[in-house]
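Colleague: show me how the following folds:
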Amino acid sequence: MYQDMKKLYWWPNMKADIATYKSYADLKRKPIEFRVGDKVMLKVSPWKGVVRFGKRGKLNSRYVGPFKVLERIGDVAYKLDLPKKLSRVHNTLHVSNLKKCHADEPLAVPLDGLHLDDKFHFVEKPI
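Modeller: From the prediction side, this is the model:
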């Protein structure tokens, strides 16, 4: 059966093409690792049905935080110290949803300054 499928799904130099693609992809990939105690920013979810922080717009923030890393779980997951306000968000997240926080602590916008309704949509208060 393998020989029959090989004719359908393999093309000449397929292994060479895969190796070339992998070498280009490895150049673009940058490994991201955090240590326990580091401050990270949490990516705001752009998908429907997932907890949202308002409409995704040009000037809306893409990340919220900073949050402290509590522990590393496996190779690509981290457990964060999330506040009670984000109790609906699971505290174990994939590394692709995190970004290292480079800002100083006094310069970061606190989560208390954001006004969110029960569906986690941003609520603006007129001045």
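Colleague: switch to C-alpha atoms for all contacts and neighbour counts from now on
Modeller: Noted.
Colleague: can you count the residues close to residue 89?
Modeller: By other Cα atoms under 10 Å, the residues close to residue 89 number 13.
Colleague: ok, it to residue 100 distance?
Modeller: 19 Å (Cα to Cα, to the nearest Å).
Colleague: partner strands of the top strand by length along the chain, parallel or antiparallel?
Modeller: Across the chain, the longest stretch assigned as strand under DSSP state E is strand 63-73. If you go by DSSP bridges, strand 63-73 pairs up with strand 39-43 (antiparallel), strand 77-81 (antiparallel).
Colleague: right, and the helix or strand after the last one?
Modeller: So the one you mean is strand 77-81. strand 92-94 (DSSP states H and E).
Colleague: that next one pairs with which strands, parallel or anti?
Modeller: Here, using DSSP bridges, strand 92-94 pairs with strand 77-81 (antiparallel).
Colleague: just the C-alphas of the strand it pairs with, formatted as CSV.
Modeller: The C-alpha trace of strand 77-81 is given here as CSV (Å, rounded to 0.1, in the frame of the first residue of the first chain):
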residue,chain,number,x,y,z
ALA,A,77,3.6,26.6,28.5
TYR,A,78,3.8,29.0,31.5
LYS,A,79,1.6,29.6,34.5
LEU,A,80,0.9,33.2,35.3
ASP,A,81,-0.3,35.1,38.4
